[in-house]
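1. Just to be clear, the model below is a prediction. Sequence and coordinates:
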Amino acid sequence: MPICCYLASSNSSKSIIMQYRILSLFAAFVLLCGMVIQSTEPQEILLWPKGAPGSEGKTVPQKTRISDQGDIVISSVHKPSITPYLPIADKATGVAVIVAPGGGHSELWISHEGYSPAKWLQAHGIAAFVLKYRLARDTNSTYTVDKEEVADIQRAIRLVRSRAKEWGIDTAKIGVMGFSAGGELAALAGMRYTPVDATATDPIDRLSDKPDFQGLIYPGNIHRFTVSAATPPAFIAGGYKDRKDISEGVAELYLKYKQAGVPAELHIYGNVGHGFGIRATNTGANTHWPEEFAVWLSDMGFYKM
């Protein structure tokens, strides 16, 4: 009898040990999967690892909210960065785009005007970098569009050029794309690029900040834009139902490029307003603007379809 009891106890112990081992292996597997997923998610790269000029002493943490439409909206940006979305090697075309989300210079609608366009570009062989820039109209902001915001996109262009070889990018095929306020910023990058300073202390600042092309998607404050013969070519898109300064402004902007002799392409979608970006809920002709942008890049000689 005691022997039988011992055997039952032994079998029970073995069963418990086996279950424990299975659970341990499962937990390790889940942890490993989590680590793999985390490692494959794009990681932000600070534009200035030691702190952005003009942001000294600013310690207020970044704020994030979710809109009624499920969009990620960011504000209180004091550490500007880019998040890279790199295509797989056998699809890479050497083209790169810095993507600037909109948000009225007070916040960044970074999912449908940042991450989603970047993922589309990545899937089509174009390296994309979502720009998180400082905001001139955020609460109690000391930043300005013309100083810190422009400096952020210029630094992003230089940073991408500095790592072009590592990322498989052609340094003559680096452009900008912006939505709404981000479209204003992208346009300013194409109009206010600075001379190359070969003596700059920071090696990144010795590189050109001039974009090779622009994607201006319902850009804001169009009245500020000037176009010269040296301005990079532009793809311009907007909605007929947008407010007048944009729905009519994009047509006027196209004419500025035409008069300056700079190649430009204009799309005005007849049944859409402001802020369409890329959303799963989008319908109609405006859903095709990414493909039309890619065709335009191909026509301009930047991209092989």
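-> All right, it came through fine.
2. Quick one: end-to-end distance for stretch 219-234.
-> Using CA to CA, to the nearest Å, the end-to-end distance of stretch 219-234 comes to 12 Å.
3. Run through the bridge partners of the most centrally placed residue in the chain.
-> In the chain, the residue lying closest to the centroid (CA atoms, centre = their mean) is residue 130, at 1.8 Å. Beta-bridge pairing of residue 130 under DSSP bridges involves residue 83, residue 99.
4. which residues touch the residue nearest to residue 122 when sequence neighbours are not counted?
-> Nearest non-adjacent residue to residue 122, counting by CB to CB, 6 or more residues apart in numbering: residue 85, 4.0 Å away. C-beta: built from backbone N, CA, C; applies to glycine. Residues near residue 85 by CB atoms under 8 Å, 6 or more residues apart in numbering: 42, 115, 118, 119, 121, 122, 127, 128, 129, 130.
5. Over to residue 122?
-> Residue 122 touches 85, 86, 87, 128, counting by CB under 8 Å, 6+ apart.
6. Over to residue 182?
-> Counting by CB under 8 Å, 6+ apart, residue 182 makes contact with 99, 100, 101, 102, 103, 108, 113, 131, 133.
7. hmm, try it at 7 Å
-> Contacts here follow CB atoms under 7 Å, 6 or more residues apart in numbering; on that basis residue 182 touches 100, 101, 102, 113.
8. Which one of those is nearest to residue 207?
-> residue 100 (19.0 Å; CB to CB).
9. Is the spatially closest residue to that closest one that is not a sequence neighbour in a helix, a strand, or coil?
-> Leaving aside its sequence neighbours, residue 100 sits nearest to residue 182 (CB to CB, 6+ apart; 3.3 Å). Under the three-state scheme (DSSP: H, G, I helix; E, B strand; the rest coil), residue 182 adopts helix.
10. From residue 284, how far out is residue 182?
-> According to CB to CB, to the nearest Å, residue 182 and residue 284 sit 22 Å apart.
11. residue ranges of the strands in the stretch 151-300 of the chain, please?
-> 174-179, 214-217, 234-239, 264-269 (DSSP state E, counting those that start in this stretch).
12. Can you lay out these as JSON lines showing mean pLDDT?
-> As requested, the strands of the stretch 151-300 of the chain are exported to JSON lines (pLDDT from 0 to 100):
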{"stretch": "strand 174-179", "mean pLDDT": "98"}
{"stretch": "strand 214-217", "mean pLDDT": "98"}
{"stretch": "strand 234-239", "mean pLDDT": "98"}
{"stretch": "strand 264-269", "mean pLDDT": "97"}
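13. Identify whichever of those lies nearest to residue 91.
-> Of all the strands of the stretch 151-300 of the chain, it is strand 174-179 that lies closest to residue 91, at 17.8 Å by CB to CB.
14. hang on, the earlier thing: kindly reformat the contacts of residue 85 as a markdown table and extend each row with distance to residue 159, secondary structure and pLDDT.
-> Listed next are the contacts of residue 85 as a markdown table, based on distance: CB to CB, whole Å; DSSP: H, G, I helix; E, B strand; the rest coil; pLDDT from 0 to 100:
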| residue | distance to residue 159 | secondary structure | pLDDT |
| --- | --- | --- | --- |
| 42 | 15 | coil | 87 |
| 115 | 19 | helix | 98 |
| 118 | 16 | helix | 98 |
| 119 | 20 | helix | 98 |
| 121 | 18 | helix | 98 |
| 122 | 18 | helix | 98 |
| 127 | 13 | strand | 98 |
| 128 | 14 | strand | 98 |
| 129 | 8 | strand | 98 |
| 130 | 13 | strand | 98 |
